[in-house]
Structure formats: C-alpha cells, structure tokens
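> Fold the following.
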Amino acid sequence: MPPPRRRGTALRHRLAELRGPDVPAKALDARALAALAANPGCRRRAILDGAGVDKARLAGALGSPSGFGQSQFAFMRGNAFEAKVKADGGAELLRLARERLDPGAEPPAAASVPELSATGPEGRTARTALALREATEAGGWTLLDHPMLALDVAGSPAFLEPDAVVVHPDGRWTVVEIKSFPMLDGSADPAKVGAAARQAAVYVLALEQVAARLDPPPRVGHRILLVCPKDFSNLPTASAVDIRKQRAVTARQLDRLTRIEDIADALPEGVCFSPALPEAELTAAVEAVPATYAPECLSACELAFHCRDRSRTAGAVTTLGRPVRAELGGLTTVGDVLAAARGESGDPRDPAVAALRRAARLRAEALSGAAERAAACH
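Sure, this is the predicted structure:
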C-alpha cells in the first residue's frame, strides 16, 4: 500500500506519489497534448498525463485494455522513412523546405546541423534555445534534428520533441512533421493531415515561448512542412500546411485546462494510480477523478474503453456525442431525457424539454398512424 499523499509537498513530489512508488514517469508528448486540448474538461486525463501515468498499462490493470496506439510495423516504417528524409545532413528535407516555403531564398548548400545533446530534458531544452538563437543570428539555413522544447501545461512543464525545426536565412522558424502515410497526387488523407496539424500546433506554441525570450523575437511560421512518402514509393515529398486555426484552438483549450495542482489537491488522501494495485482499489482511485467521455476519445486516449463502459453504465448522454450533449442542456442522463420526453419530469419552459416532448408526440402520432394503416390493410 503506497503511503498517503501529504498536503503541502512540492507538486513534482505529489505527482510522483500519484504514479506510485518507483514508477517512472511517462513523458507527455505533443500527440497527447493535442488530444488533451481537444477535451479540456476531462480532469482525469489532465491529472494522469500531468503525473506521467502510463495510461496503456493503467487500462490493462483496470481490465479494459487499450486498442489505441501505433503498431510496431508502422513505428519501424516511420523511423526508416524519417532516417531517409534526414540523410546527408538533411539535404533533401531542406530542399523541400526551400521549395515549398521559401523559394526566393538561397539554396541550402551549406546548411548547419548543430549538436543538441545535453543531460536531461532541461539541459536539452536549454541547448535547443541556444542553437535557435545562434542560427537566427547566423542568417543561413539550419536544421535542428529532434530539438527539445518546453511548454507550460496547467502549471506543469511538458517537454516536447518535434521531428525537426528549420531556421530560414531570414530568421524564420518552421516546424517539420515527418509522417509515413502517403501523399497521393500531392494530397494526403485529410484526417491524418488534421491530426498532424494539431500535433504541430503544440510545437509552434512551444517555439513561440522560446522566441518571446529573444530580442527581437524571431517569427515562428504559421505554415509547417509536412513530409510524407510520395505516392506508393519511399521517396519524400512535402506540403506546406497552414495551422493558424489549429494553433488558435489548441492555445485556447490549453488555457482552459484546470491547473494540475488544483486537481491533485481535490483528490482524497491516499489516491494512487500505480498499476500494481489491486483492480478494485485502482478502479476507485481512477473514479475519484471526474472524466468527460466522448466518442472521440476512442481514437485519442488509452482509457477510452474504461471510461465508455462507466459512462454507459451511468446512462450519461455524453456517450451519444458532444453535439447531442450540448443540445440537451441540463439533462445529463438517458433516464432524464426519457422522463422529460414522457412528461414525467423537467421544466416545460426549458427548450430542450419542450423539443423532446414535441418529438415524443410526433413519434406517437407516426406510430399510431402506421398501426391504423396496417389494421386497414388487414
């Protein structure tokens, strides 16, 4: 049994206690942040991600294994394609960056690829910031391979590692996303491009924080470079993707997140999310944090199956989707909705209640008419 969480300890120590004894933290990446920003009302995901809990292991321990994630084959294929794109000092990547984003600039013949290794994520973040400043001052093409950026999320730092960042001769910074899905005849799957844009928006926000500390602040490009295999080959091609909309939405949603420290303070004493705990105790710990389930969670969160089962058991209307939930106002369960439709509860002046009762009358009239027509036929 883990020791009870003590009030007043440092946030990092409290989050370590929530993970469990000797459980390493799982890094919060841009994909997780983009998913978190898409559902800012989910305190459960916020505290689990903030504490570095491995949600896939947690889901397995709860008896609801996750089907979310990338296959090992896709992971290996992606790594191989990224290595090909960055070969020879990133010559092909920089050529694509100039061609798609900066055709008037000088060719990237003598581009710089600075060394970014350092001790720990804080050291790598500082080294990346220094390399960005030096590259901006130098005024040439520079490729930062897997830089480390930091972004404050609900009062807790998240360390992010984009595929690459390109510094243009004019000092502009561009995020590069390298994906293994194909670009057919110059276009790719819109859903996958949208996911890549949301992920890149997180990197852009982190880059903007680095730029804001420089004088004058460099410009962070609102277009990212999306690099994918061309058609059915392994040859790289690229497209410039405008992410201004995704950046604005992500920034707004991250600002809405409840501070992780506030969520942690509201938890009962002794709560721990260690997968080593008995299933009943672990379930109680997870249920101590409110969740905001929606069907979209199935493609973005490892705990989605667990939360969906709980939501269905409770009869929550969120299982029907956010648009339906928004239309129903204060009616939060399917039972409330049916009772309001039958006239058993609810304020008739409530637009949602009035609409439900009208729909129930129309349904009854339609069924009655169908029954009369069926009887007449016999």
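
> For the stretch 1-150 of the chain, which segments count as strands?
142-145, 149-153 (DSSP state E, counting those that start in this stretch).

> Mean neighbour count, those: which tops it?
strand 142-145 (a mean of 22; mean count of other CB atoms under 10 Å). Every C-beta, even on glycine, is put in place using the N, C-alpha and C of the backbone.

> packing partners for that strand?
Strand 142-145 is packed against helix 87-101, helix 120-138, strand 164-167, with contacts defined by 3 or more CB pairs under 8 Å, 6 or more residues apart in numbering; DSSP states H and E.

> hmm, back to that, comparing the strands of the stretch 1-150 of the chain, which gets the lowest mean pLDDT score?
Ranked by mean pLDDT, the strands of the stretch 1-150 of the chain bottom out at strand 149-153, which scores a mean of 89.

> will you turn the strands of the stretch 1-150 of the chain into CSV that also has distance to Cys272?
Shown next, in CSV, are the strands of the stretch 1-150 of the chain (distance: least, CB to CB, whole Å):
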stretch, distance to Cys272
strand 142-145, 38
strand 149-153, 22
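
> Which among those is found nearest to Lys179?
strand 142-145 (16.4 Å; CB to CB).

> Confirm for me that Val324 is in contact with Leu331.
No. Counting by CB atoms under 8 Å, Val324 stays clear of Leu331, with 10.2 Å between them.

> So for the two, which residue has more residues nearby?
Leu331 (22 against 12; other CB atoms under 10 Å).

> My read is that the more buried one contacts Val337, right?
Yes. Judged on CB under 8 Å, Leu331 makes contact with Val337 at a distance of 5.0 Å.

> what sits in contact with each of these two?
317, 356 (CB atoms under 8 Å, 6 or more residues apart in numbering).

> re the thing from before, show me the common contact partners of Val324 and Leu331, please.
Common contacts of Val324 and Leu331, defined by CB under 8 Å, 6+ apart, comprise Val317.

> one step back: for the strands of the stretch 1-150 of the chain, which one sits closest to Phe181?
Nearest of these to Phe181, taken as CB to CB: strand 142-145 at 21.3 Å.

> List the contacts of the closest one.
Strand 142-145 is contacted by residues 86, 89-90, 93-94, 111-114, 116, 128, 131-132, 135, 164-167 when judged by CB under 8 Å, 6+ apart.

> out of those, which are buried?
Buried subset of the contacts of strand 142-145 (neighbour count, 16 or more other CB atoms under 10 Å): 86, 90, 93-94, 111-114, 116, 128, 131-132, 135, 164-167.

> What distance do you get for the closest residue to Glu296 other than its chain neighbours to Gly194?
Once flanking residues are discounted, Glu296 sits nearest to Ala38: 6.9 Å by CB to CB, 6 or more residues apart in numbering. For Ala38, the distance to Gly194 equals 11 Å [CB to CB, to the nearest Å].
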